[in-house]
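Visitor: Quick one: sequence plus predicted model below, questions after.
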Amino acid sequence: MAQTFTPTAVTSGEGTQFDYPLQLDRGLVGQIADLSMSRVITGANETGNLLAFGVPVAANSGGLLANSCQLATGAGAILGITARSAVHEKVGIPAPGAAPSYSEGIPNLKAVNILTRGTILLEVMEAVAPGDALRFHKSGTNAGKWGKTASNGNTLALAAGGWVIRKAGAAGLLLVLEINTPAQLTFTADTAG
């Protein structure tokens, strides 16, 4: 039996909302997908640049603060993935029907939310499904996006363990990644084979 829903019009607005929308706002890159068992740590952006949402970060040994982080650009351990918070949720959301802008992020010298456990929305440059390999494009045409295909010198493969794709993403859209880092997440560099 299928359920159908119709908008509810409220005649008296005392203490209630007048209309209830029938669809959720669309997800944004770096947005936490649900609240189940999430763990977020705080980092500091001391890179001198905007640090985008939904990208992997590593410790920044060149920073002044102990929790300084930077975009992960090489093989090794990562702290987690940059996440939007309630403060960022309504900033820069495009009008319905407009192309979303994924260039938003954390300005230099500001606190960074780093998801180490939970589910997060990530932009993919190609279709990626549960069970596929997952790579971050650190450079090249698809810099800042995730995918499954290796690109020599441009991608970092997320090493097995500590993560699982919960919901597939089509090219140019979002997938849901669950991470659980009791041990550190690591990348391996993709090279010509």
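Guide: Okay, I see it. For clarity, every value in this text was computed on a predicted model and none was experimentally measured.
Visitor: So what sits opposite I120 in the bridge?
Guide: With DSSP bridges as the criterion, I120 is bridged to I32, L177.
Visitor: which ones are touching it?
Guide: Neighbouring residues of I120 by CB atoms under 8 Å, 6 or more residues apart in numbering: G30, Q31, I32, A33, G54, I81, A83, V176, L177, I179. All C-beta spots, glycine's among them, are computed from the backbone N, C-alpha and C.
Visitor: quick one: contacts for the third one?
Guide: In this case it means I32. Listed by CB under 8 Å, 6+ apart, the contact set of I32 reads S38, V40, A83, R84, L115, G118, T119, I120, L121.
Visitor: Widest-spaced pair of those residues?
Guide: Using CB to CB, these span at most 14.5 Å, a distance reached by V40 and L121.
Visitor: So between the two, which is more surrounded?
Guide: Per other CB atoms under 10 Å, whichever of V40 and L121 has more neighbours is L121, with 23 against 16.
Visitor: How much space separates the more buried one from I32?
Guide: Distance from L121 to I32, counting by CB to CB, to the nearest Å: 8 Å.
Visitor: what kind of secondary structure is G48 in?
Guide: coil (DSSP: H, G, I helix; E, B strand; the rest coil).
Visitor: just to revisit the earlier point, which of the contacts of I32 lies closest to L158?
Guide: I120 (12.7 Å).
Visitor: Now do the helix or strand that F136 is a member of, average pLDDT.
Guide: Assigned by DSSP states H and E, F136 falls within strand 135-137. For strand 135-137, mean pLDDT is 94.
Visitor: from the middle of its chain, how far away would it be?
Guide: 12 Å (CA atoms, centre = their mean, to the nearest Å).
Visitor: Also stretch 33-52?
Guide: The answer for stretch 33-52 is 9 Å, by CA atoms, centre = their mean.
Visitor: about what we covered before: can I get the contacts of I32 in JSON lines with pLDDT and distance to V164?
Guide: As requested, the contacts of I32 are exported to JSON lines (pLDDT from 0 to 100; distance: CB to CB, whole Å):
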{"residue": "S38", "pLDDT": "89", "distance to V164": "15"}
{"residue": "V40", "pLDDT": "92", "distance to V164": "19"}
{"residue": "A83", "pLDDT": "93", "distance to V164": "17"}
{"residue": "R84", "pLDDT": "88", "distance to V164": "21"}
{"residue": "L115", "pLDDT": "94", "distance to V164": "14"}
{"residue": "G118", "pLDDT": "93", "distance to V164": "12"}
{"residue": "T119", "pLDDT": "94", "distance to V164": "10"}
{"residue": "I120", "pLDDT": "95", "distance to V164": "12"}
{"residue": "L121", "pLDDT": "94", "distance to V164": "15"}
